[in-house]
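1. Quick check, what structure comes out for this input:
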Amino acid sequence: MTAKRPTIRDVAALAGVSVATVSRVLSGDYPVAGPTRTRVQRAVRDLDYVVNAHARALSGATSKVVALVLFDVTTPFYAHIAAGVEAQAAETGRLCLVCTTGGDPDRELEIVKLMREQHADAVILVGGVTMTDDYRERMRRYAKALEDGGSRLVLCGRPAPAPDFPAVTVEYDNTGGAFAATSHLLSAGHRRIAFLGGAVGNTTFDGRDTGYRAAMAAFGAAVDPALVSHSPRLSPDYGADRVNELLAAGTDFTAIFAANDHVAAGAMRALRAAGRRVPDDVSIIGYDDAPFAQDLSTPLTSVHLPHDELGRTAVRLALQRTGPARRHVMLGTHITIRDSVRPLV
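-> Take a look at the predicted model:
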């Protein structure tokens, strides 16, 4: 026979208090006298009582969970933001639940819906997404339901779908970083700059495309369509394949702006295999400033993102319950200068 699991009534009986008092001690949301709190906590330990999370959700209480929803956990961009979220969540006594989507907007919506049903304290969506009208409508509905239930949706590293969208937004200057990266190459005398971008329609990579084009226009440099490419797979292989295509076609270019550091690393590999030197023959700048960027055969100049602060700020704003609520924060970016860009003589 399996022993019966202790209930909150068993805890109350052992501690000599009411069920309501036990509930207050467990929630931590109400003041309870020190000796009473100690008796309840001792009874919880002695009985090995575990809070029924489903019952808490049905009662309207939050689950002390911060849900983090991201593309994957292997890409440095996501991994370092996740580390910031987890650290800040731990400091506030929350459990961080990590969910991955593989870039599927429908899965992202389903996770948000599930976390709403589970009464998560906050749901944090990290990175860009390709939005449709249906996605916007459904996400607005879920965000409003989270807010009405005392929780909060946070968009981290992506813009809000609309100015009145019911969520907290924590962004970095994505387009500005791309403008600065392209301007860095243009200031060094480069005009034939290949842009190795991400998926068209993705909020992150559309912003980087916009920054690239704005900088080219500001310097009076024409954008050659033959030098611009987009791919949903921002991997080293994409960077290598694209460089090989440019070289095979005889397309002239003196510099590359890669949409992230993985793509830049692949481009460097292909150039090296073709006997082209970085930066003597081709200059390269990346985006994200991943830790491996400084360890490449030629240390990579890259746009630095405040990964840790993005994650921590997302949690702080999500859990803010006092004072004037902040709905939008924009963090800055800057270029980390290394050895992969040189001026044209």
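
2. Tell me, how many residues neighbour M268?
-> A count of neighbours around M268, defined by other CB atoms under 10 Å, yields 27. Heads up, the C-betas are built off the backbone N, CA and C, glycines and all.

3. what residues are up against it?
-> G239, V278, I284, L296, S297, T298, L300, S340 (CB atoms under 8 Å, 6 or more residues apart in numbering).

4. So it belongs to a helix, correct?
-> Yes - when DSSP: H, G, I helix; E, B strand; the rest coil is applied, M268 is found to be in a helix.

5. Quick check: it vs A122, distance?
-> In this structure, M268 and A122 are 39 Å apart, going by CB to CB, to the nearest Å.

6. what's the helix or strand for the residue nearest to K113 when sequence neighbours are not counted?
-> Of all residues beyond its chain neighbours, the one nearest K113 is Y142 (5.8 Å), with distances taken as CB to CB, 6 or more residues apart in numbering. Using DSSP states H and E, the secondary-structure element containing Y142 is helix 133-148.

7. got the CA coordinates for that helix in PDB?
-> Listed in PDB are the C-alpha atoms of helix 133-148, where the atom choice follows Å, rounded to 0.1, in the frame of the first residue of the first chain:
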ATOM      1  CA  ASP A 133      -1.700  38.700 -38.100                       C
ATOM      2  CA  ASP A 134      -3.000  35.500 -36.400                       C
ATOM      3  CA  TYR A 135       0.100  35.400 -34.200                       C
ATOM      4  CA  ARG A 136      -0.300  39.000 -33.200                       C
ATOM      5  CA  GLU A 137      -4.000  38.600 -32.300                       C
ATOM      6  CA  ARG A 138      -3.400  35.400 -30.300                       C
ATOM      7  CA  MET A 139      -0.400  36.700 -28.500                       C
ATOM      8  CA  ARG A 140      -2.300  39.900 -27.600                       C
ATOM      9  CA  ARG A 141      -5.100  37.800 -26.100                       C
ATOM     10  CA  TYR A 142      -2.600  35.700 -24.100                       C
ATOM     11  CA  ALA A 143      -0.700  38.700 -22.900                       C
ATOM     12  CA  LYS A 144      -3.900  40.400 -21.700                       C
ATOM     13  CA  ALA A 145      -4.900  37.200 -19.900                       C
ATOM     14  CA  LEU A 146      -1.500  37.000 -18.100                       C
ATOM     15  CA  GLU A 147      -1.800  40.600 -17.000                       C
ATOM     16  CA  ASP A 148      -5.400  40.100 -15.800                       C
END
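
8. Can you give the distance of that helix from its chain's centre?
-> On the basis of CA atoms, centre = their mean, to the nearest Å, helix 133-148 sits 19 Å off its chain's mean C-alpha point.

9. Heading C-terminal from it, find the next helix or strand.
-> strand 153-156.

10. Could you give the average pLDDT over that following strand?
-> Predicted confidence along strand 153-156 averages 96 (mean pLDDT).

11. Mind listing the strands that strand pairs with, and their directions?
-> Within its sheet, and counting by DSSP bridges, strand 153-156 is paired with strand 122-126 (parallel), strand 168-172 (parallel).

12. List the buried residues for it?
-> By neighbour count with 16 or more other CB atoms under 10 Å, strand 153-156 contains the buried residues L153, V154, L155, C156.

13. repeat for stretch 185-196
-> Buried positions in stretch 185-196, judged by neighbour count with 16+ other CB under 10 Å: L185, L186, A188, H190, R191, R192, I193, A194, F195, L196.

14. So for that stretch, first residue to last residue, what's the gap.
-> Using CA to CA, to the nearest Å, the end-to-end distance of stretch 185-196 comes out at 14 Å.

15. re earlier: touching the helix holding Y142 from outside, list them.
-> Residues from elsewhere that reach helix 133-148 (CB under 8 Å, 6+ apart): 105, 109, 112-113, 115-116, 120, 123, 129, 152-153, 161-162, 165-167.

16. quick one: least confident helix or strand in this structure?
-> The weakest-scoring helix or strand in the chain, judged by mean pLDDT, DSSP states H and E, is helix 53-59 (a mean of 48).

17. Can I get the helix or strand following that helix as CSV, trimmed to CA atoms?
-> Scanning the chain past helix 53-59 towards its C-terminal end, the next helix or strand to appear is strand 65-70 (assignment: DSSP H and E). Included here for strand 65-70 are C-alpha records, laid out as CSV according to Å, rounded to 0.1, in the frame of the first residue of the first chain:
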residue,chain,number,x,y,z
VAL,A,65,7.9,30.2,-11.7
VAL,A,66,9.5,32.5,-14.4
ALA,A,67,9.1,30.9,-17.8
LEU,A,68,11.8,31.6,-20.3
VAL,A,69,10.9,30.9,-23.9
LEU,A,70,13.6,30.9,-26.6
